[in-house]
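Chemist: Predicted model and sequence follow; I will ask about them next.
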Amino acid sequence: MFGILDRFEDQLAVILIESVEEEHIVDKATLPDGSDVGTVFDVEKMEETYSILSINVEETENRKQRAQQALHALHKKKKRSKFKR
């Protein structure tokens, strides 16, 4: 199961668990070293909460690459204004 670090709110980190569409909030200090917004974690459900097992480096890089490709495609589609300058 994956969790994506969505944002920081003060000293808290909000992790989105996509497969169940839930938010998991943890103390920022408990995150693995190298965690940043967009980092993908392998998580495990433990009763009423989730446990971060590790950073999923491969999935994090795949998602960053897809986001860059989408942004590049948007920039390529950008058309100039038909109005005179």
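Modeler: It's in.

Chemist: would you list every one of the helices in the chain?
Modeler: 57-77 (DSSP state H).

Chemist: How about the helix or strand of it at the bottom of the mean pLDDT ranking, which residues are buried there?
Modeler: Here the helix or strand of the chain ranked lowest by mean pLDDT, DSSP states H and E is helix 57-77, holding a mean of 88. By neighbour count with 16 or more other CB atoms under 10 Å, helix 57-77 contains the buried residues Thr60, Arg63. Just so you know, the C-beta spots here come from the backbone N, C-alpha and C atoms, and that holds for glycine as well.

Chemist: which residues are in contact with that helix?
Modeler: Phe2, Ile4, Gly38, Thr39, Val40 (CB atoms under 8 Å, 6 or more residues apart in numbering).

Chemist: likewise stretch 25-36?
Modeler: With CB under 8 Å, 6+ apart, stretch 25-36 has contacts from Leu5, Phe8, Gln11, Leu12, Ala13, Val14, Ile15, Phe41, Ile52, Ser54, Ile55.

Chemist: Give me the residue at the spatial middle of this structure.
Modeler: Gly38 (2.8 Å; CA atoms, centre = their mean).

Chemist: the strands in the protein, which residues?
Modeler: 2-9, 12-17, 22-27, 40-46, 49-55 (DSSP state E).

Chemist: Now do the longest one against helix 57-77, angle only.
Modeler: Read it as strand 2-9. Calculated by axes from the mean of the first three to the mean of the last three CA atoms, to 10 degrees, strand 2-9 forms an angle of 70 degrees with helix 57-77.
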